[in-house]
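Q: Turn this into a structure:
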Amino acid sequence: MVASISAEKREQKNRAALNRLRKEGRVPAVIYGNGTEALEIHLDGKEFRKHTGEGPGVMDIKVDDQVHHVMIREVQRDPVKANILHIDFLKVERNKPVETEVPVHLVGEANGVKAGGVLQQTARSALIRCLPDQIPAELTLDISQLEIGDSVTLGNIALPAGVELLSDGDTVVASVIPPQAAKEGGEPAEAEAADEEKEE
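A: Residues are numbered from 1 along each chain as shown. You can find the predicted model right below:
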């Protein structure tokens, strides 16, 4: 079920007004795209966080008497406190496919890791295309059968119905390497650091 959030138009746009909104628990945001004029709004921060932790970043935002079907394009956060400073929403149509990045989540413990190998994850997201309401929160990839020397790619992911993979299916997501190879992989960086210390 798509979340629904109420918002208000943002009339004042200076820094003092934005800071005042944030102190009141409101988050400044903008809705744009789909051939419409950008609409600057503010919404309740707690309500937004409550809904965004449960699924894909697609929701309905009600402003006055109009409902905007949107997907989250960007969330700006304070680099120190991590609280939300601003949100960009992209207006979308329910019956028109969109392209978006979704995270790739590994599940299970690889047999190769149990045997002493080291798991390396080299891809953490994938570009997909689907209808807005079908955007998955994440794509899962079972790695439990991986032995030492094995790898899995984006093409091994079982996609939900209606979801098309746009990223290269041959892109390696994770692999299990021998423990000795993992140690050797760390030596160049360690040696470089040692050389820098000698030069100092």
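
Q: hey, let's count contacts and neighbours off CA atoms from now on
A: OK.

Q: Strands of the protein, residue ranges please.
A: Remark: strands assigned in the chain by DSSP state E are 3-9, 26-33, 36-44, 58-63, 66-77, 84-91, 98-107, 118-121, 125-130, 139-142, 151-153, 164-165, 172-177.

Q: As TSV, the ones you listed with mean pLDDT and mean neighbour count would be great.
A: Output for the strands of the chain, formatted as TSV (pLDDT from 0 to 100; neighbours: other C-alpha atoms under 10 Å):
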stretch	mean pLDDT	mean neighbour count
strand 3-9	93	17
strand 26-33	96	20
strand 36-44	94	16
strand 58-63	94	21
strand 66-77	93	16
strand 84-91	94	20
strand 98-107	95	16
strand 118-121	97	18
strand 125-130	97	18
strand 139-142	97	18
strand 151-153	98	18
strand 164-165	98	14
strand 172-177	98	21
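
Q: will you turn those into TSV that also has distance to N19?
A: Formatted as TSV, these follow (distance: least, C-alpha to C-alpha, whole Å):
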stretch	distance to N19
strand 3-9	16
strand 26-33	9
strand 36-44	12
strand 58-63	21
strand 66-77	14
strand 84-91	9
strand 98-107	31
strand 118-121	40
strand 125-130	33
strand 139-142	37
strand 151-153	45
strand 164-165	41
strand 172-177	41
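
Q: Out of those strands, which is closest to H51?
A: In terms of C-alpha to C-alpha, the element of the strands of the chain nearest to H51 is strand 3-9, at 6.3 Å.
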